[in-house]
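In: Test case, fold it:
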Amino acid sequence: MIEVKIHPLGLDTEQFKFVVIVTRYQDKWVFVKHRKRDTWEIPGGHIDEGETPDDAASRELMEETGAVKFKIKPFCDYSVLKGDKFGVSRLYFATIEEIGPLPESEIGEVAFFEAIPEKLTHADIQPILFKAVLDSIK
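Out: From the prediction side, this is the model:
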């Protein structure tokens, strides 16, 4: 069983492992596909050692989507409890204004959707994060 909770910004960022960036481009939602998987995911990834969550979010957005010009802001913090494993991370919202070529990375494809796609990599977590952003911008 997995439990995902949305929290206001303000959790201890020293504990964060990941950043996830719900992203819009030309009025569509941006999802990426890892080269080794056949499922879609919201852009995001690990926070590198010595990196702030904000820096990681900008880096991951550029690496995973080819974003060249964008606006990004922290949206909320969230926690995930899966069995005896507990983690906290930060969710961002971004709007891409300009996309360049996709950098050489683990991402094989970027696509733009009207709604969240069916086949998700983290189907027990990502819909909750997506809905949190969607509900606030309606």
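In: Nearest the middle, which residue of the chain would you pick?
Out: When Cα atoms, centre = their mean is applied to the chain, the residue found nearest the centroid is Val20 (2.3 Å).
In: mind checking how far the residue of the chain most remote from its centre is from Met1?
Out: In terms of distance from the mean C-alpha position of the chain, Asp84 ranks first, at 23.5 Å (Cα atoms, centre = their mean). Remark: distance between Asp84 and Met1 (Cβ to Cβ, to the nearest Å) = 11 Å. For the C-beta atoms, the positions are set from N, CA and C on the backbone; glycine is no exception.
In: so where do the helices sit in this protein?
Out: 53-65, 126-137 (DSSP state H).
In: Phe93: which of the ones you listed is closest?
Out: Closest to Phe93 of those is helix 126-137 (Cβ to Cβ; 5.4 Å).
In: gap between the closest one and the chain center?
Out: How far helix 126-137 lies from its chain's middle: 11 Å, per Cα atoms, centre = their mean, to the nearest Å.
In: Tell me the buried residues in it?
Out: 126, 128-130, 132-133 (16 or more other Cβ atoms under 10 Å).
In: go on, stretch 101-109?
Out: Quick answer for stretch 101-109 (16+ other Cβ under 10 Å): 102, 107.
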